[in-house]
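Peer 1: pasted the sequence and its predicted model underneath.
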Amino acid sequence: MRKIKATLAGLLMILLAGLATYAIDNEIKQGAAHFLDEHAEEFASISDTIWSYAELGFQEFKSSEALAKILKIYGFDVKLGVAGMPTAIVASWGSGHPAIGFLGEYDALHELSQKPLSHKEPVLEGAPGHGCGHNILGVTGVLGAIALKNAMEKHGLKGTVKFFGCPAEEAGSGKIFMVAGGLFDGLDAVLDNHPGSSLSTSYGTNSSALISVKVTYSGKTSHAGGAPWLGISALDAANIMGTAVEYLREHIHYSARIHYVILEGGGWANVVPDKVVVQAMVRGSDDRLLNTYQKFLNCVKAGAIATGCTYKVEILEASHQIHANEALARLLYENMKTVGLPEWTNEEQQFAKEIQKNVGSDPIGLPDEIKLTPPPAVFTGGGSSDTGDVSVVAPFVSLTTPCNVKGIGGHNWGIVATGGTGIAHKGLIAGAKILAFTGVDVLTMPEELEKIRAEFGKMILRYPYVSYVPEDFKPVLDMFKEEMARWRPLMEPYYIEQR
């Protein structure tokens with residue numbers, strides 16, 4: 001572990017030297033940039049700390065406390081444990097409008113433990129790791145909010161700044177409960193961010209809406225060899241459901257997706273299984289999701305009818321497509337061009353290329369693109385995020401920060417490795433500057449704010465917000481409780497405490 005700490009400390013020392021240099025013709029933004037450069041090492045250290053905690057969804061107790069603590073230090077009114085989730089945060093400063101929200105996440109992924117090295121080497125085999133960079137995401141949002149507050153205080157700008165710490169994005173959809181609690185009501189702009197392999201943003205409708213469920217089939221045990229006719233196989237029901245889904249694929253829209261896995265498939269082949277649990281995800285456009293989901297439920301029912309089993313369907317999470325605001329995205333894009341990409345060292349480029357070689361990708365190095373992406377001409381499907389629900393209740397945009405190695409995809413050890421290095425630190429600071437600068441624009445450019453509001457008003461006429469979950473739906477807080485309780489004491493010796 002000393003080697004990990006030494007590596008991270010050394011990278012922090014060169015962080016400031018590698019930040020891009022650029023001209024800013026706005027005094028308020030100049031002050032925000034200076035503040036961020038001054039505090040770069042402090043916040044990079046917090047990111048490393050959360051990287052080492054690597055807590056799964058709804059179990060992010062230490063990570064959320066670390067963010068809540070720093071927000072309090074910098075003068076925010078902080079509430080931890082909102083919307084029925086102990087690890088959810090709302091931090092506020094100021095009053096009135098414009099009201100600007102910053103989003104953050106901090107949940108990790110299963111079985112992705114990794115040291116900050118260019119070859120695969122876990123800290124603890126099988127332990128969680130930040131394979132989607134949410135350690136960076138949360139801190140970038142916090143730092144952007146703090147920098148904007150600092151600028152508002154210095155220049156007498158009126159308005160409200162809020163940070164929303166959102167648990168369980170990977171599984172659990174924490175934001176949908178925050179939306180249901182009205183926490184995003186009245187915001188004029190929501191600024192999101194996510195680590196990636198470019199400096200980019202997009203507008204319009206993208207991503208897939210999602211409904212994730214757990215299906216439990218219940219049957220009757222019997223001796224599989226001696227008297228199988230007396231049993232009712234829950235496994236047969238699940239297999240029939242799966243077969244029906246495979247035949248269904250031809251008859252659903254090409255943008256739809258259905259995935260499923262068997263979580264519990266029986267104990268031993270000599271006993272007819274009386275309980276089988278399937279986890280499934282149905283994705284598609286907001287226009288078609290419920291229709292596809294109903295067809296999936298028919299497949300579930302078919303398994304039960306054919307075998308005589310009973311069944312239960314429990315919703316685990318659900319979310320809308322992301323509907324990003326073009327006017328807000330164009331403001332963000334101008335600030336992306338102002339800040340620019342970080343200046344990568346030869347050592348950082350070599351580190352990235354070694355990761356790329358070790359995962360079987362072309363050795364093309366680190367992010368080198370600044371992009372504004374319009375919506376696709378034809379929606380063909382994709383991943384999902386609970387930020388979609390936020391985008392339907394407030395004007396929304398998301399910034400992709402240049403923190404990852406190009407060409408290796410997501411949710412893998414290479415993302416974890418890079419997330420604990422100076423590469424991620426540089427992307428974090430660049431992202432916080434862009435978010436803070438965009439916040440300044442929203443506060444000081446009323447004509448742009450009017451465009452943002454007008455566009456949002458038109459969007460919600462087409463996509464009025466209706467939650468995909470029942471009104472009494474509660475967060476599944478113990479989803480990963482046992483798993484995290486098993487790993488936490490083993491991971492504690494490897495924690496990197498804030499410097």
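Peer 2: It's in.

Peer 1: show me where the stretch 351-499 of the chain has its helices.
Peer 2: For the stretch 351-499 of the chain, the helices defined by DSSP state H, counting those that start in this stretch cover 387-391, 413-419, 422-444, 446-462, 481-491.

Peer 1: minimum distance to Val359: which of the ones you listed has it?
Peer 2: Closest of those to Val359 is helix 413-419, at 5.4 Å (criterion: CB to CB). All C-beta atoms are positioned from the backbone trio N, CA, C, and that covers glycine.

Peer 1: could I get the CA-only coordinates of that closest one as CSV?
Peer 2: Listed in CSV are the C-alpha atoms of helix 413-419, where the atom choice follows Å, rounded to 0.1, in the frame of the first residue of the first chain:
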residue,chain,number,x,y,z
TRP,A,413,-9.8,-2.3,-14.4
GLY,A,414,-8.2,0.3,-16.7
ILE,A,415,-10.8,2.9,-15.7
VAL,A,416,-10.1,2.1,-12.0
ALA,A,417,-6.4,2.4,-12.5
THR,A,418,-6.5,5.8,-14.3
GLY,A,419,-9.0,7.1,-11.7
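
Peer 1: and the helix or strand that contains Ala302, which residues are buried?
Peer 2: Assigned by DSSP states H and E, Ala302 falls within helix 289-307. Within helix 289-307, the residues scored as buried using 16 or more other CB atoms under 10 Å are 289, 292-293, 295-297, 299-300, 302-304, 307.

Peer 1: contacts made by that helix with the rest, please.
Peer 2: 209-211, 215, 217, 219, 232-234, 236-241, 244-245, 248, 251-253, 256, 258, 280, 282-284, 309-311, 313, 468 (CB atoms under 8 Å, 6 or more residues apart in numbering).

Peer 1: narrow those to just the buried residues.
Peer 2: Among the contacts of helix 289-307, the ones that count as buried by 16+ other CB under 10 Å are 209-211, 215, 217, 219, 232-234, 236-241, 244-245, 248, 252, 256, 258, 280, 282-284, 309, 311, 468.

Peer 1: now, the contacts of helix 289-307 that are in helices?
Peer 2: 234, 236-241, 244-245, 248 (DSSP state H).

Peer 1: now, among those residues, which is nearest to Glu170?
Peer 2: Among the ones in helices among the contacts of helix 289-307, and counting by CB to CB, the member closest to Glu170 is Val245, at 23.4 Å.

Peer 1: distance of that closest one from Glu317?
Peer 2: 19 Å (CB to CB, to the nearest Å).

Peer 1: tally of neighbours for Ile460?
Peer 2: Other residues within reach of Ile460 by the criterion other CB atoms under 10 Å amount to 14.

Peer 1: surely it touches Ser391?
Peer 2: No - using CB atoms under 8 Å, Ile460 makes no contact with Ser391, being 10.0 Å away.

Peer 1: give me the domain ranges for this structure.
Peer 2: As given by automatic domain parsing, the domain ranges for the chain are 2-207+321-494, 209-319.

Peer 1: most packed of those domains?
Peer 2: domain 2-207+321-494 (a mean of 20; mean count of other CB atoms under 10 Å).

Peer 1: return the distance of that one from the chain's centre.
Peer 2: 8 Å (CA atoms, centre = their mean, to the nearest Å).

Peer 1: where does this protein dip in pLDDT?
Peer 2: 1-25, 498-499 (pLDDT under 70).

Peer 1: if you skip the residues just before and after it, what's nearest to His253?
Peer 2: Of all residues not flanking His253 in the chain, Arg288 sits nearest, at 5.4 Å (CB to CB, 6 or more residues apart in numbering).

Peer 1: ok, now Glu264?
Peer 2: Val277 (4.1 Å).

Peer 1: partners of the helix or strand encompassing the one you found in the sheet?
Peer 2: Applying DSSP H and E as the criterion places Val277 in strand 275-284. Partners of strand 275-284 in the sheet, by DSSP bridges, are strand 209-218 (antiparallel), strand 257-264 (antiparallel).

Peer 1: nearest to Asn325, of the ones you listed?
Peer 2: Set against Asn325 and scored by CB to CB, the strands paired with strand 275-284 come closest in strand 209-218, at 18.0 Å.

Peer 1: ok, which stretches of the protein are strands?
Peer 2: 77-80, 89-95, 99-105, 159-166, 189-196, 199-202, 204-206, 209-218, 257-264, 275-284, 310-319, 322-324, 370-373, 396-402 (DSSP state E).

Peer 1: got CSV for these, with distance to Ala454 too?
Peer 2: Converted to CSV, the strands of the chain look like this (distance: least, CB to CB, whole Å):
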stretch, distance to Ala454
strand 77-80, 31
strand 89-95, 24
strand 99-105, 17
strand 159-166, 19
strand 189-196, 13
strand 199-202, 20
strand 204-206, 16
strand 209-218, 25
strand 257-264, 34
strand 275-284, 29
strand 310-319, 26
strand 322-324, 15
strand 370-373, 20
strand 396-402, 15
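
Peer 1: so which of the ones you listed is nearest Glu448?
Peer 2: Of these, nearest to Glu448 by CB to CB is strand 189-196, at 9.9 Å.

Peer 1: need the CA coordinates for that closest one. PDB is fine.
Peer 2: The C-alpha coordinates for strand 189-196 follow below in PDB (Å, rounded to 0.1, in the frame of the first residue of the first chain):
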ATOM      1  CA  ALA A 189     -30.000  24.800 -14.500                       C
ATOM      2  CA  VAL A 190     -28.600  21.400 -13.500                       C
ATOM      3  CA  LEU A 191     -24.900  20.800 -14.300                       C
ATOM      4  CA  ASP A 192     -23.900  17.200 -14.400                       C
ATOM      5  CA  ASN A 193     -20.500  15.600 -15.200                       C
ATOM      6  CA  HIS A 194     -19.000  12.200 -15.800                       C
ATOM      7  CA  PRO A 195     -15.500  11.000 -16.400                       C
ATOM      8  CA  GLY A 196     -14.800   9.800 -20.000                       C
END
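
Peer 1: that one versus strand 159-166: what angle between them?
Peer 2: 40 degrees (axes from the mean of the first three to the mean of the last three CA atoms, to 10 degrees).

Peer 1: what helices and strands are in contact with strand 189-196?
Peer 2: strand 99-105, helix 134-155, helix 387-391, strand 396-402, helix 422-444 (3 or more CB pairs under 8 Å, 6 or more residues apart in numbering; DSSP states H and E).

Peer 1: and of those, who's closest to His39?
Peer 2: With CB to CB, the closest approach to His39 among those belongs to helix 134-155: 7.3 Å.

Peer 1: then that closest one to PDB, C-alphas only?
Peer 2: Extracted in PDB, the C-alpha atoms of helix 134-155 (Å, rounded to 0.1, in the frame of the first residue of the first chain):
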ATOM      1  CA  HIS A 134     -17.600   8.200  -9.600                       C
ATOM      2  CA  ASN A 135     -14.900   9.200  -7.200                       C
ATOM      3  CA  ILE A 136     -14.000  11.900  -9.700                       C
ATOM      4  CA  LEU A 137     -17.600  12.700 -10.600                       C
ATOM      5  CA  GLY A 138     -18.600  13.500  -7.100                       C
ATOM      6  CA  VAL A 139     -15.600  15.700  -6.300                       C
ATOM      7  CA  THR A 140     -15.900  17.500  -9.700                       C
ATOM      8  CA  GLY A 141     -19.500  18.500  -8.900                       C
ATOM      9  CA  VAL A 142     -18.600  19.600  -5.300                       C
ATOM     10  CA  LEU A 143     -15.600  21.600  -6.500                       C
ATOM     11  CA  GLY A 144     -17.600  23.300  -9.300                       C
ATOM     12  CA  ALA A 145     -20.300  24.300  -6.700                       C
ATOM     13  CA  ILE A 146     -17.700  25.600  -4.200                       C
ATOM     14  CA  ALA A 147     -15.900  27.600  -6.900                       C
ATOM     15  CA  LEU A 148     -19.100  29.200  -8.100                       C
ATOM     16  CA  LYS A 149     -20.100  30.100  -4.600                       C
ATOM     17  CA  ASN A 150     -16.700  31.700  -4.000                       C
ATOM     18  CA  ALA A 151     -17.100  33.800  -7.200                       C
ATOM     19  CA  MET A 152     -20.600  34.900  -6.200                       C
ATOM     20  CA  GLU A 153     -19.400  36.100  -2.800                       C
ATOM     21  CA  LYS A 154     -16.500  38.000  -4.300                       C
ATOM     22  CA  HIS A 155     -18.500  39.700  -7.000                       C
END
